[in-house]
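A.B. asks: Kindly return the folded structure for what I paste below:
(one chain, ligands or ions: 1)
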Amino acid sequence: MPLWHRVEEVAREAFRRYGFQEIRTPIIEKTELFARGVGEATDIVNKEMYTFVDRAREDREGESITLRPENTASVMRAYVQHKMFADRSPGELTRLFYAGPMFRRERPQAGRYRQFYQVGAEVLGDTDDPAIEAEVIEMLDWFLRELGIPETTLLINSVGDAATREAYLGTLRAVIEPNLAAYCEDCHHRYATNALRVFDCKNEACRRWIVGLPTITDSLDEAARAHFDQFKAHLDARGIAYTVQPEMVRGLDYYTRTAFEIIGHAGLGAQNTIVGGGRYDGLSETLGGPPVKGFGFAFGLDRMVMSLPEEVASQLRAREAPDAYVVCLGEAARARGHEVARRLRMNGFAVLLDGTDRKMKKAMGLAAKSRARHALIIGETEVETGSYGWKNLTTGEQESLPLEEIVARLRA
Ligand code: HAM
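C.D. replies: This is a model prediction of the structure:
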């Protein structure tokens, strides 16, 4: 938890600096939202959603509901439903962030869970200015540096617009068709519903064909290509390094134009994509809303925590350690102990009090186990003099100090 807290804290600081406000949407939405928003042909909708029929009420049929597999569709639903675009001037943006659990029925393994946590952000409005995209990536860049996450790689691509997509899909299907029999069953389904999704296939046999397929990036129209070039220029201007990866099409159907992923260090193994995001200009219309342009990302909190280097992790574990552990030897000492602990806590310090009678050695062992920085020791003499044993548990040094002095030392 100390590591999770740090990741959340730095994320909140990034969002504060870049003007994002928090949004909390429900964990359950109508199935239709994801089916339409994320896309019927995606693995997420096709195989991974936790979907239930809500019990029917007398006046209604049972409704199909789903534990959210992601949050972009929900944020767009909320934005449209609550008319968050009302009273906006042209070019004015709504910047929202969220953090919470998502659910996908995948085969669990290190870094891949059925309930996982995402922190994400969405920029919504009427402009698709690529400077917005670069600014969001600049924020992520700051965030990763501030956390001390090493060796990340930014992969970018443009997946074009809906209009060029149609023509490209025709070409793609024509190239796949002669060899379709060699592709896996899932790819047959992808071929029939959205051929672009074959790029999501992990199957060895399919991969051999997929590397030779024409990419959507090769068939971008003028406008999409210019947009992508401007995006790259904005990254260059910020000194942010990237690799263009034409096969990267992301596993969700709503993307248009810019798509990106951030890959973590090799130690993460197969599940090494820590951030995913992109532009989704048609999503609102797909959901029956007005035209809205959007760009955003989400990172897996679980994977981000796993990406923290060990030296950072151990510092963080120490950070949430108590300031003092109060050891009381005898009845009178315990009464004083409660008083001393209360006063330290009133002064803002984190204090644990051992409420059980034990031998000194055992009590000190527990103090060390609590990771407390100091032990405050009270026996009969200490009750009389008001001067307490104050032991630094890192150096082993021990002194006898009145409470005011202990407070002053802790403050310093
Ligand atoms: P996504 O790529 O599906 O994108 O997920 C984003 C991130 O969530 C991944 O890069 C990964 O770190 C984490 N993640 C996904 N599935 C799992 C899992 N089963 N276990 C652990 N971590 C996981 C989206 O969800 C989009 N909504 C992102 C976005 C926001 N695009 C635009 N705005």
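
A.B. asks: can you pull out the strands in the stretch 1-150 of the chain?
C.D. replies: Per DSSP state E, counting those that start in this stretch, the stretch 1-150 of the chain carries strands over the ranges 21-22, 28-30, 50-53, 64-67, 94-103, 115-125.

A.B. asks: which helices and strands does the last one pack with?
C.D. replies: What that stands for is strand 115-125. Contact analysis of strand 115-125 by 3 or more Cβ pairs under 8 Å, 6 or more residues apart in numbering; DSSP states H and E lists helix 2-17, helix 72-81, strand 94-103, helix 130-147, strand 293-300, helix 301-307 as its packing neighbours. (C-beta placed from N, C-alpha, C; glycine too.)

A.B. asks: any residue of the fourth one up close to the ligand?
C.D. replies: Put plainly, it is helix 130-147. No: residues of helix 130-147 are not located near the ligand by Cβ under 6 Å from any ligand atom, the shortest gap being 9.5 Å.

A.B. asks: Quick one: mean pLDDT over that helix.
C.D. replies: The average pLDDT within helix 130-147 is 98.

A.B. asks: After that helix, which helix or strand is next? Please name it.
C.D. replies: strand 153-158 (DSSP states H and E).

A.B. asks: and that next one, anywhere near the ligand?
C.D. replies: No: judged by Cβ under 6 Å from any ligand atom, strand 153-158 stays clear of the ligand, getting no closer than 11.3 Å.

A.B. asks: Does anything pack onto that strand? Which helices or strands?
C.D. replies: Looks like strand 153-158 contacts helix 222-237, strand 243-244, strand 258-263 (3+ Cβ pairs under 8 Å, 6+ apart).

A.B. asks: Now mean pLDDT too, for these, in JSON lines please.
C.D. replies: Below are the helices and strands packed on strand 153-158 laid out as JSON lines (pLDDT from 0 to 100):
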{"stretch": "helix 222-237", "mean pLDDT": "97"}
{"stretch": "strand 243-244", "mean pLDDT": "98"}
{"stretch": "strand 258-263", "mean pLDDT": "98"}
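
A.B. asks: looking at the strands of the stretch 1-150 of the chain, which is buried most?
C.D. replies: strand 115-125 (a mean of 22; mean count of other Cβ atoms under 10 Å).

A.B. asks: Please identify the pairing partners of it and their relative orientation?
C.D. replies: strand 94-103 (antiparallel), strand 293-300 (antiparallel) (DSSP bridges).

A.B. asks: quick one, that strand and helix 2-17 angle?
C.D. replies: If you take axes from the mean of the first three to the mean of the last three Cα atoms, to 10 degrees, strand 115-125 sits at 0 degrees to helix 2-17.

A.B. asks: Helix, strand, or coil at residue 400?
C.D. replies: Per DSSP: H, G, I helix; E, B strand; the rest coil, the secondary structure class of residue 400 is strand.

A.B. asks: Can you get me a residue count around the closest residue to it other than its chain neighbours?
C.D. replies: Spatially, and ignoring its direct neighbours in sequence, residue 400 is nearest to residue 387 (4.7 Å; Cβ to Cβ, 6 or more residues apart in numbering). Other residues within reach of residue 387, judged by other Cβ atoms under 10 Å, total 15.

A.B. asks: go on, the one 5 residues further on?
C.D. replies: Here the neighbour count serves as a burial measure; for residue 392 (other Cβ under 10 Å) it reads 13.

A.B. asks: need the residues of the stretch 101-250 of the chain near the ligand, please.
C.D. replies: 104, 106, 112, 113, 116, 118, 120, 122.

A.B. asks: Now do the closest residue to the third one other than its chain neighbours: how many residues are near it, please.
C.D. replies: Right, residue 112. Ranked by Cβ to Cβ, 6+ apart and with sequence neighbours excluded, the top spatial neighbour of residue 112 is residue 271, at 4.8 Å. Residue 271 sits with 17 neighbouring residues when counted by other Cβ under 10 Å.

A.B. asks: ok so, going back, nearest to residue 279, of the strands of the stretch 1-150 of the chain?
C.D. replies: Proximity to residue 279 (Cβ to Cβ) singles out strand 115-125 among the strands of the stretch 1-150 of the chain, at 9.6 Å.

A.B. asks: relative to helix 72-81, how tilted is the closest one?
C.D. replies: Using the same axes, to 10 degrees: strand 115-125 against helix 72-81 is 40 degrees.

A.B. asks: so where do the helices sit in the stretch 301-412 of the chain?
C.D. replies: Under the criterion DSSP state H, counting those that start in this stretch, the stretch 301-412 of the chain contains helices at 301-307, 310-319, 331-346, 360-369, 380-385, 403-411.

A.B. asks: residue ranges with poor pLDDT in this structure?
C.D. replies: Scanning the chain for pLDDT under 70 picks out no residues.

A.B. asks: Let me know the closest of the residues of the stretch 101-250 of the chain next to the ligand to the ligand.
C.D. replies: residue 116 (3.4 Å; Cβ to the nearest ligand atom).

A.B. asks: returning to what we had before: how close does the residue nearest to residue 400 sit to the ligand?
C.D. replies: Separation of residue 387 from the ligand (Cβ to the nearest ligand atom, to the nearest Å) stands at 53 Å.
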